[in-house]
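Asker: I'll drop the sequence and a predicted model, then ask my questions.
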Amino acid sequence: TGLMCTQSTDEQYIARWGQDLYDSKYKAAGLERIWGWPRDSGIRPCPVYLRHCVLAVSKPGVVPAARDSFLDETFLADRVTTVRQYL
């Protein structure tokens, strides 16, 4: 088994969790949105979350192809820079 994170929308988040939670978690932190950042936004991954993701794909037993796929096929908001390049 595994967990896959996929793109969503702010509207879907609000529909599931409500506007109040969205406002208190994201708007209160100064974020304009969760999803749909423009390419030129300059937003970068949360360092702690990215570290957890990299550690997860680097654990013993994870096939190198899975690690490489994450590092080379996951892109920052600019849709050009891979996680490996960013690191």
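Answerer: Good, I have the coordinates. Since this is a predicted model, take the numbers as computed values, not measurements. Residues are numbered from 1 along each chain as shown.

Asker: for residue 70, phi and psi?
Answerer: phi -60, psi -50 (degrees, to the nearest 10).

Asker: how far out from the middle of the chain is stretch 39-56?
Answerer: Relative to its chain's centre, stretch 39-56 lies at 6 Å (C-alpha atoms, centre = their mean, to the nearest Å).

Asker: how about the CA coordinates for that stretch, as CSV?
Answerer: Included here for stretch 39-56 are C-alpha records, laid out as CSV according to Å, rounded to 0.1, in the frame of the first residue of the first chain:
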residue,chain,number,x,y,z
ARG,A,39,4.6,29.9,-12.3
ASP,A,40,6.2,33.2,-11.3
SER,A,41,4.9,33.2,-7.7
GLY,A,42,8.3,32.3,-6.3
ILE,A,43,6.7,29.9,-3.7
ARG,A,44,9.0,27.2,-2.5
PRO,A,45,8.3,23.9,-0.7
CYS,A,46,7.9,23.9,3.1
PRO,A,47,11.4,22.7,4.2
VAL,A,48,10.1,20.4,6.9
TYR,A,49,7.5,18.7,4.7
LEU,A,50,10.0,18.3,1.8
ARG,A,51,12.5,16.7,4.2
HIS,A,52,9.9,14.2,5.3
CYS,A,53,9.1,13.4,1.7
VAL,A,54,12.8,12.9,0.8
LEU,A,55,13.4,10.8,3.8
ALA,A,56,10.4,8.6,3.0
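
Asker: list the contacts for the residue most central in space within the chain?
Answerer: Against the mean C-alpha coordinate of the chain, by C-alpha atoms, centre = their mean, the closest residue is residue 45 at 6.6 Å. For residue 45, the contact set (C-beta atoms under 8 Å, 6 or more residues apart in numbering) comprises 76, 83, 86. To be clear about C-beta, it is placed using only N, CA and C from the backbone, and glycine gets the same treatment.
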